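In: One predicted model, sequence on top.
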Amino acid sequence: MNTNVNDSSSNAHEKIMGELKSVIKDAESLLKNTENQASEGFKSARAKFELTLSNAKRELSDLEENVVDKVKEAAHTTDEYVKGHPWNSVGLGACVGLLVGLLAARK
């Protein structure tokens with residue numbers, strides 16, 4: 001059950017990260033395609049956009065690193081608990097299995 005929640009969370013995280021990376025890639029492509037625009041206002045807006053894009057890439061990288069660290073920490077904590085309390089873990093698994101079986105049998 002916990003694995004299913006972690007998988008779901010991981011899939012959502014990967015989807016969001018993929019979409020953000022795609023937006024950053026598209027923004028970089030837009031910047032590259034507009035290099036030859038000459039107006040002063042456009043150059044100023046472009047420079048501001050480049051700074052914002054750079055900050056977004058850095059923050060995305062920091063966020064990704066933070067999430068990976070938290071997932072590793074949670075996995076380590078779970079592993080230690082299961083090793084320290086194996087019968088509690090077996091009992092919890094049996095209870096969850098019983099509940100799922102009862103709910104499935106009702107339908």
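Out: Sure thing, it's come through.
In: And the helices in this protein?
Out: For the chain, the helices defined by DSSP state H occupy 2-33, 40-84, 86-106.
In: Run the angle between the second one and helix 86-106 for me.
Out: Meaning helix 40-84. 110 degrees (axes from the mean of the first three to the mean of the last three C-alpha atoms, to 10 degrees).
In: Tell me, what's the model's pLDDT at the residue with the shortest distance to the centre of the chain?
Out: Note on the chain: the residue nearest the mean C-alpha position is His13, at 2.4 Å, using C-alpha atoms, centre = their mean. Confidence at His13, expressed as pLDDT, is 71.
In: same deal with Thr77?
Out: 92.
In: cool, and Asn4?
Out: pLDDT, read off for Asn4, is 56.
In: List the residue ranges of the chain that fall below the pLDDT cut-off.
Out: Confidence mapping of the chain against pLDDT under 70 gives the ranges 1-10, 38, 107.
In: Around Asn36, how many other residues sit close by?
Out: 5 (other C-beta atoms under 10 Å). Backbone N, C-alpha and C define where each C-beta goes, glycine included.
In: Got phi/psi on it?
Out: phi -90, psi 10 (degrees, to the nearest 10).
In: how much space between it and Lys72?
Out: Distance, Asn36 to Lys72, by C-beta to C-beta, to the nearest Å: 46 Å.
In: cool, and Glu19?
Out: 23 Å.
In: what do you get for Gly101?
Out: Distance from Gly101 to Lys72, by C-beta to C-beta: 33 Å.
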